[in-house]
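Asker: Sequence plus the predicted model coming up.
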Amino acid sequence: MKYTGDEVVVRIGTSATNCLAAPPLTNVESLTYKVNQDVTQVAVGIGSRGTEVYGTLVKYTGTIVRWVDELAEVSGATASFATNVGAFSIGALTPLFVAVKNKLTGTVIVLCGCIGDYQEDLKTADGFLEETWTFMFASITNTAGSPGA
């Protein structure tokens with residue numbers, strides 16, 4: 001699923017409850033997430049051309065792209081987005097929760113246990129510095145809501 005920044009309100013926190021109450025992430029260009037069911041085909045046996053389909057591990061991935069600013073972004077923290085997603089950490093990363101509210105439908109999804117890689121890039125056409133957080137997450141929840149920010 002891919003959203004542009006004007007379609008959703010994104011909030012990040014250190015727990016599911018915390019992220020729902022966190023201030024909205026500013027300057028979001030896009031948010032993408034994918035649930036890969038990781039289905040594979042294997043041969044039935046020697047001498048056969050038949051196959052069987054197996055489901056293996058479910059893999060959850062996501063990406064947030066935003067224009068850089070120096071505001072605190074994660075659940076009232078006092079550091080930049082980069083610091084809060086662990087860009088400068090050499091210790092264990094803190095799993096984060098990302099709440100995504102669709103402004104049109106009001107549906108809220110929460111990406112649970114997000115950990116990932118951070119990078120900054122100047123490759124935008126307009127010359128603004130972008131930051132990208134590419135992450136994996138453990139599970140996803142989906143709740144109906146009411147439209148609006």
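Answerer: Great, that's in hand. Numbers count the residues shown, from 1 in each chain.

Asker: ok, now how distant is Val98 from Leu111?
Answerer: To Leu111, Val98 is 4 Å away according to CB to CB, to the nearest Å. In short, each C-beta sits where N, CA and C put it, glycine included.

Asker: list residues touching both of the two?
Answerer: Residues touching both Val98 and Leu111 (CB atoms under 8 Å, 6 or more residues apart in numbering) are 62, 137.

Asker: longest strand anywhere in the protein?
Answerer: With DSSP state E setting the assignment, residue counts place strand 108-121 as the longest strand in the chain.

Asker: same for it, what does it pack against?
Answerer: helix 16-21, strand 59-67, strand 96-102, strand 130-137, strand 139-143 (3 or more CB pairs under 8 Å, 6 or more residues apart in numbering; DSSP states H and E).

Asker: Average pLDDT for that strand, rounded please.
Answerer: For strand 108-121, the mean per-residue pLDDT is 94.

Asker: Kindly calculate the angle that it makes with strand 96-102.
Answerer: Using axes from the mean of the first three to the mean of the last three CA atoms, to 10 degrees, the direction of strand 108-121 lies 110 degrees away from that of strand 96-102.

Asker: what residue lies at the spatial centre of this structure?
Answerer: Most central residue of the chain, judged by C-alpha distance to the mean C-alpha position with CA atoms, centre = their mean, is Gly62 at 3.9 Å.

Asker: Can you pull out the low-pLDDT segments for the chain?
Answerer: Per-residue confidence for the chain (pLDDT under 70) gives these ranges: 69-79, 123-125, 144-149.

Asker: repeat that for 50
Answerer: 72, 149 (pLDDT under 50).

Asker: Which residue is most remote from the mean position of it?
Answerer: Taking CA atoms, centre = their mean, the residue of the chain most remote from its mean C-alpha position is Gly47, at 44.6 Å.

Asker: for that residue, helix, strand, or coil?
Answerer: When states are read from DSSP: H, G, I helix; E, B strand; the rest coil, the local structure at Gly47 comes out as coil.

Asker: Give me the phi and psi angles of it.
Answerer: The phi and psi values for Gly47, taken as degrees, to the nearest 10, are phi 80, psi 0.
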